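Novice: output the structure for:
(chains A and B)
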Amino acid sequence: MRLDKRGYVPYSGPRLSILKRDLTYLFLEVKNMLLKKRSIVVLVFILFLMSFPVITSLTIGEFMFAGMKQEEVNQAILSQYVEFSFIILFLGLVLSAITVAPRISEEVKGGPLPLILSRPITRDEYFLLKFSSSFLYMFTLICVPPLLSVLLFMGSLPPSVHFSALYVLSRVLAIYLIYAFFLTALGLFSSSLMGSPTSASLFTFFLPWITEFVGGILRATLDLPQKYTLISLISGTLLRSSSGFVENLKGSSLTLWHQALALAILLPVLMLFTAYTVVKERQEV
Amino acid sequence: MGEVTLEAERLTKWYGNIIGINDVNMRIGGGIHGLLGVNGSGKSTLIKIITGMMRQSKGSIRVLGEEPWDNPRLRRRIGYCPEGPSMYDELTGEEFLLRKALYHGLSMSEALAEVKRIAEEVELTDFVARKLKGYSRGMRQRLKFANALLLDPELLVLDEPLNGTDPFARLRMMEVIRERARGGAHVLFSSHILFEVEELTENVIVLHKGTLLAEGRIWEIRALMDKVPLKIFFRTDQPYELSEALLAFQEVEGIFKHPSGVVAHVRRPLEFYPKFQRYILEERPDSTRGR
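Specialist: Here you go, the predicted structure:
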């Protein structure tokens, strides 16, 4: 390397483009997440998750061979997914609590945050990197296994079934995209508010259940109908951002479907905004 | 004063009801400056404000002519070595340093060459391939110091950089600081040990309970210290005997009883210390420990 007359490296601004620099750093952030010991837990989770789409694919075949109509098959498969998604939701929360929740909380209060922020990045970039790497990580973990298993299974099905499988797959991916977004937002929300990784993880896991519990009590106390109320939509969407979405999707009201979708996106956006504000203004580094 | 490195006016930082920095006015130029003060005096708070980690509650500050809060342009010009020891233990020393170099926009090959050069400078070459979880406190300190030196910043801000280092590493780090200052870099480092500061610079800023107590040359500070009586606590199980001995020193103005020893009010402490040391060594080699 060419040195200047003081023997130092001459440096005048970035040589990589900003995009290339940020992509390099995004890669390093994801690598950082994978280097953690908790990644073993995550791998077990992936293997577990992969079994569900296989079951669903089997269901596709069963319904098709039973000679059911196209619409009926789709509805039946979606019903199956409502049940599976409850288990996936539970595991998704565990995944978010393990991998996303510690991401900011482990860096504050004696953590490496001062070293990270001593690099030439703004707090906006820091938060964006945390979000994008966590979302990429969660989306990959949640979406790739179903995608792979359904695609692999499709090869063994007759061509007439392929349309059905693709229909289900596109629905599943859309739901999981929102679901990954929700889990990332929830993890970062907890992570920014809590001072320790453990409390952030616990908060991530229990917050949806607490919301559902409080929502249930309010519904019972105020004698509100199960559907068509804001509370039921919020609690339903928060706890069942995937399954509740599917449930509403196959329901009768288009308005309700739109409300559910809006809340499934709006709630994570609000959580992300809160997390961003906390990170931006944080003074205890 | 030539070039102004740092300029603060009525700088104040509150943590709720607790004051971190109180109405500090300072203006420092180039070269090495030592920030001296006991633990809790506000050194780290001031350093965090200077490096843009924290925003002041009141007043203004300019570092190298720029506002420091959340300013990545200024961070390119500052090398910061924070006090806390925590890092990502899964990374190797090299990976840790590489991240900063890459974020500065160097290509991978340039970044690797830069990391190699700095590791050699702080004599960490044999350790950079190791994971950080295997690093001792002193090694971590040297790695953070190396991190601050990367890409030759104009201003080095070092928060207690010599804490936990062994004597050899300490000497090497001091030498590197001097070399950097000779090369034109400005250095601001904090310490609670007067000796460390004296070794590196004669420009001292003294903080106490968040306020700027003194700023200037070290001999001026020493002269000021001599004018102010110092409270010295002596832990002893023979308080009466020690009190009697202490009163024989003309620098001792008064003695007060303490549950686990005695407290002496001492004028001209710098004259008192060597005299008392001689007394301990010659008269009472095994009975008293002063602090």
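Novice: in which helix or strand does residue B:20 reside?
Specialist: In this assignment (DSSP states H and E), residue B:20 forms part of strand B:18-28.
Novice: I'd like the next helix or strand past that strand.
Specialist: strand B:32-36.
Novice: wondering if whichever helix or strand comes after that following strand reaches chain A at all.
Specialist: Sequence-wise, the next helix or strand downstream of strand B:32-36 (DSSP H and E) is helix B:43-50. Yes - counting by C-beta under 8 Å from any C-beta of the partner chain, chain A is contacted by helix B:43-50 at residue B:48. Any C-beta I mention is one placed from the backbone N, CA and C, and that applies to glycine too.
Novice: ok so, going back, angle of the strand holding residue B:20 against helix B:43-50?
Specialist: Angle of strand B:18-28 versus helix B:43-50, following axes from the mean of the first three to the mean of the last three C-alpha atoms, to 10 degrees, is 60 degrees.
Novice: for strand B:18-28, packing partners?
Specialist: Applying 3 or more C-beta pairs under 8 Å, 6 or more residues apart in numbering or on different chains; DSSP states H and E, one finds that strand B:18-28 contacts strand B:6-15, helix B:43-50, strand B:203-208, strand B:211-217.
Novice: what about 10 Å?
Specialist: strand B:6-15, strand B:32-36, helix B:43-50, strand B:58-63, strand B:203-208, strand B:211-217 (3 or more C-beta pairs under 10 Å, 6 or more residues apart in numbering or on different chains; DSSP states H and E).
Novice: the ones you listed: which one's closest to residue B:154?
Specialist: Among those, strand B:58-63 comes nearest to residue B:154, with 10.0 Å by C-beta to C-beta.
Novice: can you tell me what sits against that closest one?
Specialist: Contacts to strand B:58-63, defined as C-beta atoms under 10 Å, 6 or more residues apart in numbering or on different chains, come from residues B:4-14, B:21-27, B:46, B:49-52, B:55, B:67-69, B:71, B:74, B:77-78, B:154-155, B:157, B:186, B:188.
Novice: what kind of secondary structure is residue B:184 in?
Specialist: Recorded secondary structure, residue B:184: coil (DSSP: H, G, I helix; E, B strand; the rest coil).
Novice: confidence score at it?
Specialist: For residue B:184, the pLDDT comes out at 88.
Novice: quick one, phi psi at it?
Specialist: phi 110, psi 0 (degrees, to the nearest 10).
Novice: give me the neighbour count for it.
Specialist: 12 (other C-beta atoms under 10 Å in any protein chain shown).
Novice: quick one: residue A:193 and residue A:180, what's the gap?
Specialist: Remark: distance between residue A:193 and residue A:180 (C-beta to C-beta, to the nearest Å) = 21 Å.
Novice: what of residue B:52?
Specialist: Where residue A:180 is concerned, residue B:52 sits at a distance of 33 Å (C-beta to C-beta).
Novice: the strands in chain B, which residues?
Specialist: B:6-15, B:18-28, B:32-36, B:58-63, B:78-81, B:155-159, B:186-191, B:203-208, B:211-217, B:230-235, B:252-258, B:261-266, B:289-290 (DSSP state E).
Novice: what sits against residue A:120?
Specialist: Contacts of residue A:120 (C-beta under 10 Å, 6+ apart): A:13-14, A:21, B:71-78, B:100, B:103-105, B:151.
Novice: residue A:117 now?
Specialist: Contacts of residue A:117 by C-beta under 10 Å, 6+ apart are A:107, A:123, A:126, A:282, A:285, B:48, B:51-53, B:70, B:72, B:75, B:80, B:82.
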